[in-house]
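Trainee: my questions are about this predicted structure, shown below with the sequence.
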Amino acid sequence: MSARPNQSDHCAAAAGKPHCLLRSVAAALTSEPGLEAVAIDQHEKKIAVATFGQVKDTGLRQRIADTVRQAQEAPEQDHCCLLQGCADCSGCAYPLDPEAGRRLTIKQENHVMTIARVTCPTAPRFWQWREVPWPKIVPREVEIPEDEAHLDEWKAQLVAAALCGVFGLAGYFSGERPLAVAAFVLAYVAGGWSAAEEVWERWQHRTLDVHFLMLAVAAGSASIGAWEEGTTLLFLFSLSGALEHYAMGRTQREIRSLFRTAPKVATSLDERGQELEVPVERLRPGQRLLVKPGAQFPVDSEIVKGKTASDESNLTGEAIPVEKGVGDTVLAGTLNLWGVVEVVVLRPVQESALEKIIRLIREAQHLKAPSQRFTDRFGTGYTYAILSLSVVMFFVWWLGLGLAPFHSTPTARSAFYRAMTLLVVASPCALVLSIPSAVLAAIAWGARRGILFRGGAAVEKLAEVDVVALDKTGTLTTGELQVERLESFPPGRERDVGELAFSLERLSTHPLARAITRHGKQQGLRVIELDHFESVTGLGIQARRDGQAVVLGRREWLEQLAASPSAAVPGVAAHAAALAAAPPTEAGFSEVWLAADHLLGRVLLRDAVRPESRQVIEDLRRLGLHTVVLTGDRRTAAEALQKVLQLDDVRAELKPEQKVAAIHAFSQTGHRVAMVGDGVNDAPSLAAAHVAVGMGARGSDAALEQAEVVLMHDRIENFLAAFRLSQRARAVIRQNLVVSLGTVLVLVSFAVAGAIPLTAGVVGHEGSTVIVVMNSLRLLFARAPRAVQTV
C-alpha cells in the first residue's frame, strides 16, 4: 500500500500533538540510558519496562508511570494515534535522536503496544522486564456495611478519634518538646490508623482517594513541625469518619431489621397430620403447614383452617393487627399473633413478598441518583484540578511572592504550609457524602414503612411529578372481587345457589371463581358432589348432579341456552322468563348466573374501592397534583368510581397501547407523570411514565420489573408518603450541596489569599462533612406525616 513508506512521517506528525504518548516515551528513552523498551497494555491498565541487564531503579518506574498517565489524562482530541489505537503505527520506525541516527520501533500485539529502541536482533533476549504500577485517583465512595461486624465499626473509630484528641491535647499542653512530640506521634497513630487502612486497601487496587490526601497533609505538617495542625486534621477527619460510619450503619440497621428474624424452618403436616420440621427452602406450593401463636409465617400462604390476627408492621409499617381467616393470604415474615392455623403454601420462599423486599432494597442501595452520578463524574476531574492547583500555588507563593518554601515564621506562613491548607479545604469530602447519605436514609425510611425505592433516581424523580395516573383494578380498588350477595328467583333459596356455585368454582382459578370459592370457605358452605365438569371458554362452566344439568356463567350464555330447548342442557329453558324479567346489574357490580333443575339465581360480586383511596385523592389534589384514572374497565364502572372518589379525569375501556398514548400526551405538554399500576397490562404504561410505581403484594412480575417505586402490601396511601418523602429528600440534597460547595468556595478563597490557618481550614472542612451527614440523618428519624398540608 502507498501509505506504508510514509509511516514515519505519520508518526512524526502525530507526535506534534501536545500530549503525545510516543513523544513522551521517546523523551524517556533519551533521558534513561538503561531503558530499552516500554510495553503498555491499555486494556488491562498495565505498564512494563525493559532494561539491558541490571539497572538501578532510582525512580525509573515511577517516572514512566507518570509519563503514561499524563498522556492518558489529556483531552481526547489531544491524544496521539497510539492512544487512539492507530494500526498504521505498528511496525514503523520513529526518530529517537535524529542527530545520532537512533530510532524507535513500535509493535502492536492485541492490546499491548511496545515501544523500543532499534538495536541488534539479539538484544531483546537480554532484556529484563519489570512491571510498573499504574496508580489512579478515584472519587471517594460511600461504603455500605454489608454484615453485622461492620455495622459497629464506627465505635472503634470513635474511640480512636477520642484517643487522638487526648494525646493531641497532652502534646499541646506539654512543656517538654520531646514529650510533646511523643504525644503527637501517638495522636497521629490513633487518628490516622483507620485512614491508613483505607489507603492500603485501595493501594492494592492501585487507587487513591481523599484518605491519602489527608495522611499526606498530616505527614507534611509533621515534617515542618506543625504537629498541632496535623493532629487537629487527623482528629476531625477520624471523628467525621466515625460519624459517617454511624450514619450508614444506622441506615443499614433499619433495613436489616426487616428480615433479620425471617424464619428458617417451618412445621409441615403430612397426610396423617404428623408434624415435621422442614427448612423453608424445601417448601413447595400446595404443602400444608401448621403455624402456632407467636411464630412467623414462613412463606406466603393461604389459611385453610383456623382464625388469627397477623402483625404485618415489618412489611407495611402498620402497627394495627390484621384479622385473618379461612381463604385469606398471609405473608412470609409476618407474625401470627394468637391463633393456631393451618395454611397451604402459595409460592416458594424465593418468590415471597419478603424476599422481594430484600432483593429490591439491596439493588436500590447501589443505584445512584442523577445528581450523585454528576458528582461522581465531577469528582475525579475535580481531584486532579485541586492537586494541580496546590502544586501551582506552592510555586506561586515561593517563586512569585518570595515566601519561604518550607520554613514558617510568626509573621509569614511558608508556601508549603499554605499549599497544604489549600489541599485540605478543597478536598470534596462533604460533596461526596451529600447525596448518597440522604438517598440511603430516604430508602431506609421508606423500607420500614412498606415503600421501596429502587435506587436514588426514583427518590429524586418522584418529587418532580405533577400528574398522577392510576390504574383502577388493584390500585384504587382492592383488585380482589368479593361476593356482595346471593339472589335466587324466586327468593328463599340463596344458600342453595351459593352451595352449587361454590361446588362448581372451587376447582377453577378465574378471579370470579376465586372470589366465590373464598366466600364459600368463609361461610362454611357444603361441597355438593358433581360430575361431568365441562368448562366453556369465555362463557362459564357446566356439570351434572344426579344426572341433572347445572350451569354457571354469563347471563347471555344462559339466555342462549334457554332459547334452545333442544340444547344438551335440559331444564334451563324453564328459566327463560325469569332470566328476562331479572333486574339489570347495578353499576360497579359483576354477576354470575346459575341455573339447575328448579333453581335459578345469581352471585353479585364487586371489586371494592379501597377505603383509603378517597382521602389519598383529596390529599394529592391539595398538593396540586392532577389525578387521572386509566382503566380498561367498562365506562359505567369507571364513571361510578369517578363520582365516589371525585377524580379529576377518568379514561375507560383503554387498551395497553392507549394507556401509553395518554401518558405520552401528558409528557409532550411538559408534564411529569407518575403511573401507579399492578397488572401485566400496566407494564407498558409504567415504562412510559416519568416514575413507575408498582403495587407490590399482588403486582405482576412484569409490572414490578418496570416499577421504580414499589408499594408493598398494596397500600395506596403509601404513594402519598413516598411523594412527601421524595420532596423532603430533594430538599435535604439541595441543602447538603449548598453547604458542601459553599464551604469549599469560601475556604478555598481564603486559602488562596493566604488568610486562613491550617487548623481553621481543617475545622471548616470536617465541620461541613459532619453537618451534611447529620442533616441526612434527619430523613431517617422523621415521623410519617399524619395529614397533608395545603401547599
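Mentor: It's in. Note that the structure is predicted; figures quoted are calculated from it, not measured. Numbering: from 1, shown residues only.
Trainee: so where do the strands sit in the stretch 651-791 of the chain?
Mentor: For the stretch 651-791 of the chain, the strands defined by DSSP state E, counting those that start in this stretch cover 673-677, 691-695, 709-711.
Trainee: distance to Gly171 and mean neighbour count for the ones you listed - can I get that in TSV?
Mentor: C-beta coordinates here come from the backbone N, C-alpha and C atoms, glycine included. Listed next are those as TSV, based on distance: least, C-beta to C-beta, whole Å; neighbours: other C-beta atoms under 10 Å:
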stretch	distance to Gly171	mean neighbour count
strand 673-677	58	29
strand 691-695	55	28
strand 709-711	53	28
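Trainee: and Ile516, which of those strands is closest to it?
Mentor: Judged by C-beta to C-beta, the one of the strands of the stretch 651-791 of the chain that comes nearest to Ile516 is strand 691-695, at 23.5 Å.
Trainee: now find how far off-centre that closest one is within its chain.
Mentor: Relative to the centre of its chain, strand 691-695 is centred 14 Å away, using C-alpha atoms, centre = their mean, to the nearest Å.
Trainee: adjacent strands (with direction) for that strand?
Mentor: Under the criterion DSSP bridges, strand 691-695 sits next to strand 673-677 (parallel), strand 709-711 (parallel) in its sheet.
Trainee: how far away is Ile435 from Val772?
Mentor: Distance, Ile435 to Val772, using C-beta to C-beta, to the nearest Å: 9 Å.
Trainee: with Leu387 instead?
Mentor: Distance of Leu387 to Val772, given as C-beta to C-beta: 23 Å.
Trainee: neighbour count winner among these two?
Mentor: Higher neighbour count among Leu387 and Val772: Val772, with 29 against 14, using other C-beta atoms under 10 Å.
Trainee: okay, the more buried one: pLDDT?
Mentor: Per-residue pLDDT puts Val772 at 89.
Trainee: and it, what does it touch?
Mentor: Neighbour list for Val772: 430, 433-434, 437, 736, 739-740 [criterion: C-beta atoms under 8 Å, 6 or more residues apart in numbering].
Trainee: so Val38, which state does it fall into?
Mentor: Here Val38 is recorded as strand under DSSP: H, G, I helix; E, B strand; the rest coil.
Trainee: extract the residue ranges of the stretch 301-450 of the chain that are flagged as low pLDDT.
Mentor: Within the stretch 301-450 of the chain, the stretches with pLDDT under 70 are 313-320, 353-383.
Trainee: now Val343: closest residue in space that isn't a chain neighbour?
Mentor: Excluding the flanking residues, the one nearest Val343 by C-beta to C-beta, 6 or more residues apart in numbering is Ser301, at 3.6 Å.
Trainee: distance-wise, check the residue lying closest to Val748 once chain neighbours are set aside relative to Ser240.
Mentor: Nearest in space to Val748, with sequence neighbours left out and distances taken as C-beta to C-beta, 6+ apart, is Ala426 at 5.1 Å. According to C-beta to C-beta, Ala426 and Ser240 sit 16 Å apart.
Trainee: same thing with Thr759?
Mentor: For Thr759, the distance to Ser240 equals 15 Å [C-beta to C-beta].
Trainee: who touches both of Ile435 and Val772?
Mentor: Contacts common to Ile435 and Val772, judged by C-beta under 8 Å, 6+ apart, are Asn736.
Trainee: thinking again about what came up before, quick one: the strands of the stretch 651-791 of the chain as a markdown table, columns for distance to Gly327 and mean pLDDT too.
Mentor: Formatted as a markdown table, those follow (distance: least, C-beta to C-beta, whole Å; pLDDT from 0 to 100):
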| stretch | distance to Gly327 | mean pLDDT |
| --- | --- | --- |
| strand 673-677 | 26 | 90 |
| strand 691-695 | 20 | 86 |
| strand 709-711 | 24 | 84 |
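Trainee: so can I have CSV of those showing distance to Gln204?
Mentor: Shown next, in CSV, are those (distance: least, C-beta to C-beta, whole Å):
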stretch, distance to Gln204
strand 673-677, 44
strand 691-695, 40
strand 709-711, 38
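Trainee: which helices and strands sit right next to the host helix or strand of Leu179?
Mentor: Leu179 belongs to helix 177-203 when elements are defined using DSSP states H and E. In terms of contacts (3 or more C-beta pairs under 8 Å, 6 or more residues apart in numbering; DSSP states H and E), helix 177-203 is packed against helix 153-173, helix 210-223, helix 227-256.
Trainee: mind checking how far that helix is from the chain centre?
Mentor: When C-alpha coordinates are averaged (C-alpha atoms, centre = their mean), helix 177-203 and its chain have centres 36 Å apart.
Trainee: ok, now stretch 341-357?
Mentor: Distance of stretch 341-357 from the chain centroid (C-alpha atoms, centre = their mean) equals 23 Å.
Trainee: Leu645 against Ser613, yeah?
Mentor: Yes - contact criterion C-beta atoms under 8 Å: Leu645 and Ser613 qualify, at 5.7 Å.
Trainee: was I right about the residue nearest to Val748 contacting Phe750?
Mentor: No - between Ala426 and Phe750 there is no contact under C-beta under 8 Å: 11.2 Å.
Trainee: okay, these two: which has more neighbours?
Mentor: Neighbours around Ala426 and Phe750, counted as other C-beta under 10 Å, are more numerous at Ala426. The numbers are 23 against 18.
Trainee: then Ala404 would be within a helix, right?
Mentor: No - counting by three-state DSSP, Ala404 is not part of a helix but coil.
Trainee: contacts only, for it.
Mentor: Counted by C-beta under 8 Å, 6+ apart, Ala404 has contacts 398, 412, 414-415.
Trainee: cool, and Ser590?
Mentor: 481, 512, 604-607.
Trainee: so where does it fall, helix or strand?
Mentor: Using DSSP H and E, the element containing Ser590 is strand 589-596.
Trainee: so what are the sheet partners of that strand and their directions?
Mentor: Here strand 589-596 is paired, per DSSP bridges, with strand 548-553 (antiparallel), strand 599-609 (antiparallel).
Trainee: make CSV out of the ones you listed and add mean pLDDT.
Mentor: Formatted as CSV, the strands paired with strand 589-596 follow (pLDDT from 0 to 100):
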stretch, mean pLDDT
strand 548-553, 88
strand 599-609, 87
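Trainee: between these, which one is closest to Gly402.
Mentor: Gly402 lies closest, by C-beta to C-beta, to one member of the strands paired with strand 589-596: strand 599-609, at 80.9 Å.
Trainee: still on that earlier bit, among the strands paired with strand 589-596, which is the most enclosed?
Mentor: strand 548-553 (a mean of 22; mean count of other C-beta atoms under 10 Å).
Trainee: what's the angle from the biggest helix by length in the chain to strand 673-677?
Mentor: Longest helix in the chain, counting residues (DSSP state H): helix 717-752. When axes from the mean of the first three to the mean of the last three C-alpha atoms, to 10 degrees is applied, the directions of helix 717-752 and strand 673-677 differ by 140 degrees.
Trainee: measure Gly400 to Ala415 for me?
Mentor: Distance, Gly400 to Ala415, by C-beta to C-beta: 9 Å.
Trainee: and Ala721, by the same measure?
Mentor: From Ala721 across to Ala415, the span is 55 Å (C-beta to C-beta).
Trainee: all strands of the stretch 501-650 of the chain, in order?
Mentor: Remark: strands assigned in the stretch 501-650 of the chain by DSSP E, counting those that start in this stretch are 531-536, 540-545, 548-553, 589-596, 599-609, 626-630, 649-651.
Trainee: select, out of the ones you listed, the one closest to Val159.
Mentor: Nearest of the strands of the stretch 501-650 of the chain to Val159, taken as C-beta to C-beta: strand 626-630 at 53.6 Å.
Trainee: just list what that closest one packs against, helices and strands only.
Mentor: Secondary-structure packing of strand 626-630 (3+ C-beta pairs under 8 Å, 6+ apart): strand 467-470, helix 613-622, helix 635-645, strand 649-651, helix 656-668.
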